[in-house]
Every structure is written in C-alpha cells, then in structure tokens.
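# Curious how this folds, go ahead:
(one chain, ligands or ions: 2)
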Amino acid sequence: MKQFHYENGELYVESVPVEKIIREVGSPAYIYSERAISDSYASYQEAFSSHKTVIAYAMKANGNLSILSLLGKKGSGADVVSGGELFRAMKAGIPPDRIVFAGVGKTEQEMKEALEAGILMFNVESSMELDTLSKVASRMGVTANVALRVNPDVDPQTHPYISTGLKKSKFGVPVKEALAEYLRASKLPGIRLTGIHQHIGSQLTQIAPFRDSFTRMIAFSEALKEKGIGISWLDVGGGLGIRYDDEKVPTPGDISREILSRVKDPSQGIILEPGRSIVGNSGILVTQVLYVKKTEVKTFYIGDAGMNDLIRPSLYGAFHDLWPIRVREGASVKADLVGPVCETGDFLVQDRDLPPIKAGDLVSVMSAGAYGFAMASNYNARPRPPEILVSGDRFEVIRPRETYEDLIRSESAR
Ligand SMILES: Cc1ncc(COP(=O)(O)O)c(C=O)c1O
Ligand SMILES: N[C@@H](CCCC[NH3+])C(=O)O
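Numbers count the residues shown, from 1 in each chain. Ligands and ions are numbered 1, 2, ... in the order given. As a prediction, this is how the structure comes out:
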C-alpha cells in the first residue's frame, strides 16, 4: 500500500493529493495507482522468470480498458470468463495467443468468438461443454486448444462463496473422473489437449492449499503422460490473497517456489491467473460523509457510496480498512459507514472503531481495486462512479462518472 500514504496529515496516491482529484471529478470515485499495479505485476514476472510463463490477468477483478492495456503492454495475457471479457481484452490490445477462457457456462456463440480470435486455450469445465466445443470447432473446421479444469477437492480455507476447488462446488471436472474425460477428449474431433487447469478459490492466505492442489496436478499430468497425453501448459489459476486487514499473505515468490520446485523442465509452460493480487491493493474508493446519525444504540456515518458501488462488505461481510483523507485529532468512535441504498445490508464498514469523522469529510475505503468497480451496479438508479488512474504527479479519468442519460440509454418509455 506504499503508493497510498500521508503527507502532512493528507492522503496521497503516488504524488497526487486525493482531495485534488475529488475536487475535479467529484465523489464517490475509484482511484488506482499505476505504480502499484505495475509493481504487483512485476513481482509475478520476477518470481516466474526462470520458466516459460503466461501471466493471464484475471480481468474479472478489474476490466477497465486502460488497466488491461497497461498490463498488456507489459506482456500480460488475460483470463476471460465471457464473450464480453474477450471483447474487452482484445479491444485493449491483449494478443489472443495469451488469452485463456474459463467458466462453467460458455455458450456456442462465445466459443465461436473465441475460436475465431484464436485464443491460447479453453479451460473446459464439464463433459457436456467439451462435446459442445468439439461440435462448434468441427463445424468451423478449426481445432480448439483445451485444458480440462480439474477440481482437485482441496479446501482453500477461504470464504465459502469464493471456494471453487471443493467436491461440492460447481466448478471443473471431479478429479476422479478427469483421466477418463481426458481419454475421451483425446478422441473428439476439433479438440487438441494442450493443458490442465485448476483454480481452487480466491483470497487464499495459506500456502498449503496451493501446495496440495499443485501436487495433485503434477501427479495427474504424469498419469496423463503414461497414457500418451503430453501437456504443454499447466494452468495453476489465480487466487493469491491480499492484505485487507492484518492477514499475512503469501507472495508470488512463495507460490513460485512451491510450483517451480516441482517442475523439472523449464520449457514446461505455466499459466497463472492472478486477479485480486494485481489490482486489489492498487485502488481505493473515496466517499464523502454526507450525514452523521446517532441513535440510542449506534453511530452511522452516511456516505455517498453504497453497496451498488462496492458490494463486497454486503455480499461476503468483507473487511475494508477506512482511512480519512485528512487526519483529524480526537478519539475514535465505534460506528458504521453506510450508503444511501434502500437495503439494511448497505454498509461498507460495520461496528468498527473509526477515526474521528465529521459530515462533509472524505474517507477512503481501502483495498478496493479488485472486485470493486467490476461488481458495481446501477441499483437504485445510481450512476456508477468514475475511475481515475494516477501515474506519478498526474491523474487521468479512465472512465467518467455515469450520467442519468447513461442509465436509460437503451430503454424507451411507452
Ligand atoms: C478461473 C479463475 N481464474 C482466476 C481467478 C482470479 O482469482 P483471484 O482474483 O483471486 O486471483 C478466478 C476468480 O476467483 C477464477 O475463477
Ligand atoms: N468477487 C469476489 C471474488 C470472486 C472471484 C471470482 N472467481 C471478491 O470480491 O472477493
């Protein structure tokens, strides 16, 4: 978080005071640090530099075109999960031969688009999907590069909504059925088996689940080799956690040691799909406190950003730290920071000792660069906030605030 720091009691992003940005673009607003994004990406590049690696940024975390093109220019690929994400990635200039496509419900149309683009690999999640891809590719007279997403049944020790590698989860092909499915796939027209894919969950803070699932992946790739199926790419997914509160999280270097120590051949291709760990701590959501409301039992700071702008606290009970934009002297107060949305679950912070805050103050919801704007909605007909990218002493609006007209653009009143 070193790109977000105080100078004389005032919060800066890189060399720009947050207040200066808000004066120009208004509140609420997402603000990202280019330096922070570049540094996170570089830590993956360095950690995996000894092996042939594609870092396929999981753009679901933050799919802004400027961020995609920033990463694309550094050599990043993209992990996409829809035709829309594929479209965005290509618009941002990410070459298709660095794009992998995951997701349990790809449509025939999406498969066709990805085949036309010539993506690196489809990460296929079920037998039926495999048959559909074979049919679509054969019809087009092309061959789809395929990995099966193998569900290793490993507990990632994270929030249940974002655990994906357990037996009971909807993702991937159960590890027990995977060998038979690969053998079947090897005979299907229009399919070329090029990889194995795993992704066990998000916001992983322990190294053991990575180790367990990768150990299973290596064992599985050896079982495939014995059956004559050689694999070019081991796609180990994403999921590395970030520090929201006081978590101690593994680094890309820790992950690479686990992985690369087991991969003897440096020409064995590795694909990584980090999302949160690239952008999560590279962004904040700034909101202005409109009102302070004290009841018999609680203090509420009512801000101009709500669950439609950042849904993680409402959806997962997620913790986001709260920093004042200007530090005030005084005692902390136990309070909630809530939004204007008509839902009791509309809170960004709940029952927490917060620094002294007055109506009119700007505050920063930290660690909001991943799954922040990306999951924002127009609920309550609220225009989504702008996104700002800071680079050194400059800042740029990389997505303007939506207008009321944007809200109704494709509708008509009868
Ligand atoms: C297939 C796949 N790859 C990569 C990611 C990115 O995960 P994270 O943002 O936790 O790195 C996800 C989301 O969890 C995913 O579902
Ligand atoms: N959206 C989630 C993570 C889901 C990851 C996508 N597979 C979050 O905010 O933490």
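# separation between I67 and ligand 1?
14 Å (C-beta to the nearest ligand atom, to the nearest Å). (Each C-beta comes from the backbone N, C-alpha and C, glycine too.)
# List the residues that contact that residue.
I67 makes contacts with Y32, I37, V279, L389, I398, as judged by C-beta atoms under 8 Å, 6 or more residues apart in numbering.
# ok, now which ones touch the first one?
Translated: Y32. Shown in contact with Y32 (C-beta under 8 Å, 6+ apart): N62, I67, V279, S282, G283, G369, E387, I388, L389, V390, I398.
# Just flag the most distant two among those.
Greatest spacing in these, by C-beta to C-beta: N62 and V390 (14.7 Å).
# which of the two has more neighbours?
Taking neighbours as other C-beta atoms under 10 Å, N62 and V390 compare with N62 leading, 29 against 25.
# so what pLDDT did the more buried one get?
pLDDT for N62: 98.
# Roughly how far does the nearest residue to it once chain neighbours are set aside sit from ligand 1?
In space, N62 comes closest to V279 once its chain neighbours are excluded; the distance is 4.5 Å by C-beta to C-beta, 6 or more residues apart in numbering. To ligand 1, V279 is 9 Å away according to C-beta to the nearest ligand atom.
# What distance do you get for V279 to D309?
Distance of V279 to D309, computed by C-beta to C-beta, to the nearest Å: 16 Å.
# For D346, the count of nearby residues, please.
19.
# next one: C342
The number of residues packed near C342 is 9, by other C-beta under 10 Å.
# contacting residues for it?
Counting by C-beta under 8 Å, 6+ apart, C342 touches N380.
# Which parts of the stretch 51-200 of the chain are helices?
65-73, 83-91, 108-117, 127-140, 175-185 (DSSP state H, counting those that start in this stretch).
# My read is that the residue nearest to N62 contacts M59, right?
No. Between V279 and M59 there is no contact under C-beta atoms under 8 Å: 9.4 Å.
# So the two - more neighbours on which side?
V279 (33 against 29).
# which element follows the helix or strand containing the more buried one toward the C-terminus?
In this assignment (DSSP states H and E), V279 forms part of helix 276-279. Using DSSP H and E, the helix or strand that directly follows helix 276-279 along the chain is strand 283-294.
# so what pLDDT did K167 get?
73.
# For T344, see how far away it is.
Counting by C-beta to C-beta, the gap from K167 to T344 is 34 Å.
# Those two: who's more crowded?
K167 (12 against 8).
# hmm, back to that, among the contacts of I67, give me the pair with the biggest separation.
Farthest-apart pair in these is V279 and I398; separation 12.6 Å (C-beta to C-beta).
# rewinding a little: show me the contacts for the residue nearest to N62.
Counting by C-beta under 8 Å, 6+ apart, V279 makes contact with Y32, I37, S40, A61, N62, I67, G369, A370.
# could you redo those as TSV and give each row distance to ligand 2?
Output for the contacts of V279, formatted as TSV (distance: C-beta to the nearest ligand atom, whole Å):
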residue	distance to ligand 2
Y32	16
I37	17
S40	16
A61	7
N62	11
I67	16
G369	11
A370	7
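# What is the neighbour count of the nearest residue to L337 once chain neighbours are set aside?
Distance criterion C-beta to C-beta, 6+ apart; nearest residue to L337, sequence neighbours excluded, is V349 at 4.1 Å. The number of residues packed near V349 is 19, by other C-beta under 10 Å.
# Thanks a lot, catch you later.
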